[in-house]
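Chemist: got a sequence here, can you build the structure:
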Amino acid sequence: MNRRTRKIAVAWGVLLFAFLMTIPPLELVAQAAMPPAAVMGSSLVGIWTLTAADNLLPDGTRVHAYGEDPRGILVFGADGRYTVQIFRSDRAKFSSGDKAHGTPEEYRNATVAISCHFGRYSVDPAKGTITFHIERASFPNWDGATQTRPFTLEGDDLSWRVPATPDGSVPISAWRRAR
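Modeler: Down below sits the predicted model:
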């Protein structure tokens, strides 16, 4: 690249940067079209951190589904969008150091060590339910699914139960509002 070409490229870059700086952030544009937070369940809007991800077994015992110290984040937006991410804290690393070159066992463990999904949500305060309209999930069978879960909210503590799995266990997620 010669000196003249380099100067032209820099000039175009400066012009592009100046143009982009005049555009309002997309978040502000999106917020202008959002319904009021109260419509979407304003008591849930915000960022939450995972405190427990357990399974309640048919005999009443509770076991850790994602290990002793699972990690996760939940975000409910005022615009009706959400993301849920739950991870085992003791996930094993791939021996190759490359996610495209794992062993079958490494891929299996990586898959069962997470539960993530995102999409839109709605709240029915009268029924005490959250409905997740899942766009994508780490478990592909949930892509495009709609799932409704009973929830409880006590102060800054939120929890919900997932419908029973085929073995009769009930997954429970517990969250605390991030401060």
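Chemist: report pLDDT for Arg4.
Modeler: Per-residue pLDDT puts Arg4 at 62.
Chemist: so the closest residue to Phe94 other than its chain neighbours: helix, strand or coil?
Modeler: Closest residue to Phe94 apart from its sequence neighbours, by C-beta to C-beta, 6 or more residues apart in numbering: Gly102 at 4.6 Å. All C-beta atoms are positioned from the backbone trio N, CA, C, and that covers glycine. At Gly102, secondary structure determined by DSSP: H, G, I helix; E, B strand; the rest coil is coil.
Chemist: list the beta-bridge partners for Pro150.
Modeler: Per DSSP bridges, the residues bridged to Pro150 are Thr129.
Chemist: tell me, how many neighbours does it end up with?
Modeler: Pro150 has 14 neighbours, counted by other C-beta atoms under 10 Å.
Chemist: isn't it right up against Asp124?
Modeler: No: with contact defined as C-beta atoms under 8 Å, Pro150 does not reach Asp124; the gap is 10.0 Å.
Chemist: intersection of neighbour lists for these two?
Modeler: Common neighbours of Pro150 and Asp124 are not found (criterion: C-beta atoms under 8 Å, 6 or more residues apart in numbering).
Chemist: just the helices in this protein please.
Modeler: Along the chain, counting by DSSP state H, helices occupy 3-22, 26-32, 104-112.
Chemist: pick out the shakiest of the ones you listed, pLDDT-wise.
Modeler: Lowest mean pLDDT within those: helix 26-32, a mean of 45.
Chemist: low-scoring stretches of the protein, by residue?
Modeler: 1-41 (pLDDT under 70).
Chemist: and it, what are its domains?
Modeler: With domains defined by automatic domain parsing, the chain comprises 1-33, 35-177.
Chemist: just say which of these is most tucked in.
Modeler: Of the domains of the chain, the one with the most neighbours on average (mean count of other C-beta atoms under 10 Å) is domain 35-177, at a mean of 15.
Chemist: quick one: it to chain centroid distance?
Modeler: Relative to the centre of its chain, domain 35-177 is centred 7 Å away, using C-alpha atoms, centre = their mean, to the nearest Å.
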